[in-house]
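**Q** Quick one: sequence plus predicted model below, questions after.
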Number of protein chains: 2
Amino acid sequence: MRVRAARAPHIEPEAVIRAALEILDSEGLEHVTLRRIASKLGVQAPALYWHFKDKQDIIDDMAQAILVEGGLEEIKRPADAAAWADWMVETAHVVRKAVLSHKDGARVVSGASPFRARILAEAATLTMQVLNDAGFDLLHAALATVTTFDYVWGYVTAEQAGEGPESEPTSLRRSGGASTFGSGMMDAFMTEIDILSSAEKFDWGLRIIVSGLKSALLDSTNNIKTKT
Amino acid sequence: MRVRAARAPHIEPEAVIRAALEILDSEGLEHVTLRRIASKLGVQAPALYWHFKDKQDIIDDMAQAILVEGGLEEIKRPADAAAWADWMVETAHVVRKAVLSHKDGARVVSGASPFRARILAEAATLTMQVLNDAGFDLLHAALATVTTFDYVWGYVTAEQAGEGPESEPTSLRRSGGASTFGSGMMDAFMTEIDILSSAEKFDWGLRIIVSGLKSALLDSTNNIKTKT
DNA sequence: ACCTGAACACCGTTCAAGT
DNA sequence: ACCTGAACACCGTTCAAGT
C-alpha cells in the first residue's frame, strides 16, 4: 500500500522552489523554465499558476531561498558597536558566499523583484543601524551601506559571469583591434592578479572601502569635537 | 526613378545596431528581438544571420556602441600622474553616464560577451597603467581597478534596475513579514538618502573608494621609505 | 552575395474543462 | 481546491531555396 512517490501531485510551493534550484544548479538559469520545473514534479506547466502568480514570483522565492540558506538571516549586530569595520567585512563575505553557492546565483537574486530579495533589504537595514550606532549619521550610514552593497554586487556578478560555459582565454578573441596597448599589458596585470584567490581579491576591495569609511567617520567627528 | 527607401535591402551592420538601439530606448531590452529589428529594416529575421553570427553578436556590438558613443574612447591618461585620484573619479562618471544614456544600458553591457565590451577592458587597462604610474605596483593597480569598476558596475546596475516599469513604494509590498525592525527604520534612512541625486550618491561612494586607495598607497610607500 | 519561406524546438501565459 | 489540454502569441535558429 506504499504511497507511490510524486504520482498523485499535491504540489507544495517549497517543492517547486526546490526543484527550480536543482535545475538551476545542474543546468543553469536559462534551463529553469516552467515546463522543466513542472515535469520534475510530475505535473503540467500551467499547474504552477495555481501556486504562483507568474514566473517572476518563482524567481523571487528562489532568490530569497538562496540567501536564507546562505545564512543571511543569522547575521546579528556586533556585540561591540566599535567593531563595525570587521563586522561589515564578515557580512559582505556571507553575502558573497550565499550567492556563489548556487550556479547563476547572482543573476537570480538580481532578477528578483523590488529591492532584490526581502532579506537583502533587511540585511541592508541592519547594516545601516550598525553604522549609525558606530557614529555615522543617518545619511552617511545609508550612503556607506549602499556603497558597500553595490561593490559586493558588482564583484559577485562579475565573478560569476566569468564562470560562463566557454572558458576561452578571456579577452583576446577577435584580435583585429590592436588598440595600441594590446593585450600584452593587460596580460601582465592579469598574471599578477591571478596569484590571489577570488575571495582574497574580494576581501582586498572590501577593506579598501572600509578603510575609506573609517576616514570619513574620523573626519566628521573631528569637525565637531576637534579633540586636542 | 527615386530609390524607394529601405525597399531594396542592402542591410549594413551599423544600421542593424542603430535599429536595435532605437528599439532598446523606446521599448526596453525584452523587445529587442531579431524579428523586431528585422522588421524595422524591412527585412526578414533570418537575414540578420548573414551579417551576425547570432543574437549575442548583436548584443556585443550594441554594448560597444553604447560605450563608444558615451565617450569611453576619448579618455586619456592624466597630464600629471599624481592627479590619479581625480582622474579615476572622472573616468567612473563617464562610464556611468555612458551606460545610463540608454534604457537598460547596464543589462546590455553586462550581457555582452567576454569581459563585457572590448572598450571596457581597454578602459580598465588604461586605469591600471595610470595607477601604476602613480606608484601602485602591478598587483595593487589591478586590484584597485577591479574594485573601482565593480563598484561602478554594482551601482549603475542597481540604479537602472530601480527604474523598472512599476514604481511601487519600494520595499514594502507583502507586509506579512513584520521582521522586528519593520520598514519604519528603513524609511528613515531612505528619506535621508533621497535628498541627494543619484549622481551625488555615486560620487560619494566613489570618493570613499579613492580615499581608501590613497591610504593603501601611502602605507605601501611608507613601508619602503619610512620618511621621518 | 544576400535574402526569403517554412519549419523546428522551444518559451510564458490564459482559460475552459475536468475531477 | 487543484490540475489538465489545448491553444495563443511569441522566441532564436537552421536551411533549402530563390535572385
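**A** It's in.
**Q** where does the closest residue to residue A:204 other than its chain neighbours land on pLDDT?
**A** Leaving aside its sequence neighbours, residue A:204 sits nearest to residue B:143 (CB to CB, 6 or more residues apart in numbering or on different chains; 5.1 Å). Yep, even glycine has a C-beta here, placed from its N, CA and C like the rest. Looking at residue B:143, its pLDDT reads 98.
**Q** Can you say which helix or strand has the residue nearest to the spatial centre of chain A in it?
**A** Residue closest to the average C-alpha location in chain A (CA atoms, centre = their mean): residue A:99, at 4.3 Å. Using DSSP states H and E, residue A:99 falls within helix A:84-100.
**Q** Quick check: residue A:43 vs DNA strand D, distance?
**A** 4 Å (CB to the nearest atom of the strand, to the nearest Å).
**Q** now do residue A:104
**A** 18 Å.
**Q** Against residue B:82, how distant is the nearest residue to that residue once chain neighbours are set aside?
**A** Nearest residue to residue A:104, sequence neighbours excluded (CB to CB, 6+ apart): residue A:29, at 4.1 Å. Here the criterion is CB to CB, to the nearest Å. By it, residue A:29 lies 45 Å from residue B:82.
**Q** the more surrounded of these two?
**A** residue A:29 (19 against 11; other CB atoms under 10 Å in any protein chain shown).
**Q** got the residue ranges for the strands in chain A?
**A** Taking DSSP state E as the test, none of chain A falls into strands.
**Q** Spell out which parts of it neighbour DNA strand D.
**A** Within chain A, the positions near DNA strand D by CB under 7 Å from any atom of the strand are A:9, A:10, A:11, A:38, A:42, A:43, A:44, A:46, A:47, A:50, A:51.
**Q** Tell me which two in those are the farthest apart.
**A** The most widely separated members of the residues of chain A next to DNA strand D, counting by CB to CB, are A:10 and A:46 (16.3 Å).
**Q** More neighbours: which of the two?
**A** Neighbour count, other CB under 10 Å: between residue A:10 and residue A:46, residue A:46 has more, with 10 against 7.
**Q** roughly how far apart are the residue of chain A found nearest chain B and residue B:153?
**A** Nearest residue of chain A to chain B: residue A:154, at 3.0 Å (CB to the nearest CB). Distance check for residue A:154 against residue B:153: by CB to CB, it reads 4 Å.
**Q** Go through chain A and flag its longest helix.
**A** Longest helix of chain A, by residue count under DSSP state H: helix A:198-225.
**Q** between that one and helix A:84-100, how big is the angle?
**A** Interaxial angle, helix A:198-225 versus helix A:84-100 (axes from the mean of the first three to the mean of the last three CA atoms, to 10 degrees): 150 degrees.
**Q** Least confident secondary structure element in chain A?
**A** helix A:183-193 (a mean of 76; mean pLDDT, DSSP states H and E).
**Q** Give me the contacts around it.
**A** Helix A:183-193 has contacts (CB atoms under 8 Å, 6 or more residues apart in numbering or on different chains) with A:170-172, A:201, B:121, B:124-125, B:128-129, B:138-139, B:141-143, B:145-146.
**Q** Any quick ChimeraX command for the buried ones out of those?
**A** Those of these that count as buried under 16 or more other CB atoms under 10 Å in any protein chain shown are selected in ChimeraX with:
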select /A:171,201 /B:121,124,125,128,129,138,139,141,142,143,145,146
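**Q** Not counting its neighbours along the chain, what's nearest the residue nearest to the centre of chain A?
**A** Excluding the flanking residues, the one nearest residue A:99 by CB to CB, 6+ apart is residue A:105, at 4.2 Å.
**Q** where in chain A is pLDDT low?
**A** Where chain A drops to pLDDT under 70, the residues are A:1-9, A:114-116, A:164-184, A:224-228.
**Q** can you rerun that using 90?
**A** Residue ranges of chain A with pLDDT under 90: A:1-11, A:113-118, A:161-192, A:219-228.
**Q** Hmm, residue A:31 is touching residue A:22, no?
**A** No. Contact criterion CB atoms under 8 Å: residue A:31 and residue A:22 do not qualify, at 10.8 Å.
**Q** what's the burial count for the closest residue to residue A:75 other than its chain neighbours?
**A** Nearest residue to residue A:75, sequence neighbours excluded (CB to CB, 6+ apart): residue A:91, at 5.8 Å. Residues near residue A:91, counting by other CB under 10 Å, number 21.
**Q** With the one 4 residues further on instead?
**A** Residue A:95 has 24 neighbouring residues, counting by other CB under 10 Å.
**Q** For the closest residue to it other than its chain neighbours, list the residues it contacts.
**A** In space, and not counting its chain neighbours, residue A:95 is closest to residue A:152: 5.5 Å by CB to CB, 6+ apart. Counting by CB under 8 Å, 6+ apart, residue A:152 touches A:92, A:95, A:96, A:206, B:154.
**Q** Might one say that the second one is in contact with residue A:72?
**A** By that I understand residue A:95. Yes. Contact criterion CB under 8 Å: residue A:95 and residue A:72 qualify, at 6.8 Å.
**Q** if I look at the two, which residues touch both of them?
**A** Contact with both residue A:95 and residue A:72 is made by residues A:120, A:123, according to CB under 8 Å, 6+ apart.
**Q** all helices for chain A, in order.
**A** Assigned by DSSP H, chain A shows helices spanning A:13-27, A:34-40, A:48-51, A:55-69, A:84-100, A:105-110, A:118-133, A:138-161, A:183-193, A:198-225.
**Q** Dump those helices into a markdown table; add distance to residue B:221 as well.
**A** Below are the helices of chain A laid out as a markdown table (distance: least, CB to CB, whole Å):
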| stretch | distance to residue B:221 |
| --- | --- |
| helix A:13-27 | 46 |
| helix A:34-40 | 56 |
| helix A:48-51 | 60 |
| helix A:55-69 | 41 |
| helix A:84-100 | 23 |
| helix A:105-110 | 36 |
| helix A:118-133 | 30 |
| helix A:138-161 | 25 |
| helix A:183-193 | 18 |
| helix A:198-225 | 16 |
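**Q** Can I get the ones you listed in TSV including distance to DNA strand C?
**A** Below are those laid out as TSV (distance: least, CB to the nearest atom of the strand, whole Å):
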stretch	distance to DNA strand C
helix A:13-27	10
helix A:34-40	4
helix A:48-51	5
helix A:55-69	3
helix A:84-100	21
helix A:105-110	13
helix A:118-133	20
helix A:138-161	20
helix A:183-193	30
helix A:198-225	30
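**Q** Out of these, the one nearest residue B:16 is which?
**A** helix A:138-161 (24.8 Å).
**Q** can I get the CA coordinates of that closest one in PDB?
**A** The C-alpha trace of helix A:138-161 is given here as PDB (Å, rounded to 0.1, in the frame of the first residue of the first chain):
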ATOM      1  CA  LEU A 138      21.600  58.600   9.100                       C
ATOM      2  CA  LEU A 139      22.600  60.000   5.800                       C
ATOM      3  CA  HIS A 140      26.100  58.700   5.800                       C
ATOM      4  CA  ALA A 141      25.100  55.300   7.300                       C
ATOM      5  CA  ALA A 142      22.800  54.900   4.300                       C
ATOM      6  CA  LEU A 143      25.400  56.000   1.800                       C
ATOM      7  CA  ALA A 144      28.100  53.700   3.300                       C
ATOM      8  CA  THR A 145      25.700  50.800   3.100                       C
ATOM      9  CA  VAL A 146      24.700  51.400  -0.500                       C
ATOM     10  CA  THR A 147      28.400  51.800  -1.400                       C
ATOM     11  CA  THR A 148      29.400  48.600   0.200                       C
ATOM     12  CA  PHE A 149      26.500  46.500  -1.100                       C
ATOM     13  CA  ASP A 150      26.900  47.900  -4.600                       C
ATOM     14  CA  TYR A 151      30.600  46.800  -4.500                       C
ATOM     15  CA  VAL A 152      29.600  43.400  -3.300                       C
ATOM     16  CA  TRP A 153      27.100  43.100  -6.000                       C
ATOM     17  CA  GLY A 154      29.300  44.300  -8.800                       C
ATOM     18  CA  TYR A 155      32.100  42.000  -7.700                       C
ATOM     19  CA  VAL A 156      30.000  38.800  -7.300                       C
ATOM     20  CA  THR A 157      28.200  39.500 -10.600                       C
ATOM     21  CA  ALA A 158      31.400  39.800 -12.500                       C
ATOM     22  CA  GLU A 159      32.900  36.800 -10.700                       C
ATOM     23  CA  GLN A 160      30.000  34.500 -11.600                       C
ATOM     24  CA  ALA A 161      29.700  35.900 -15.100                       C
END
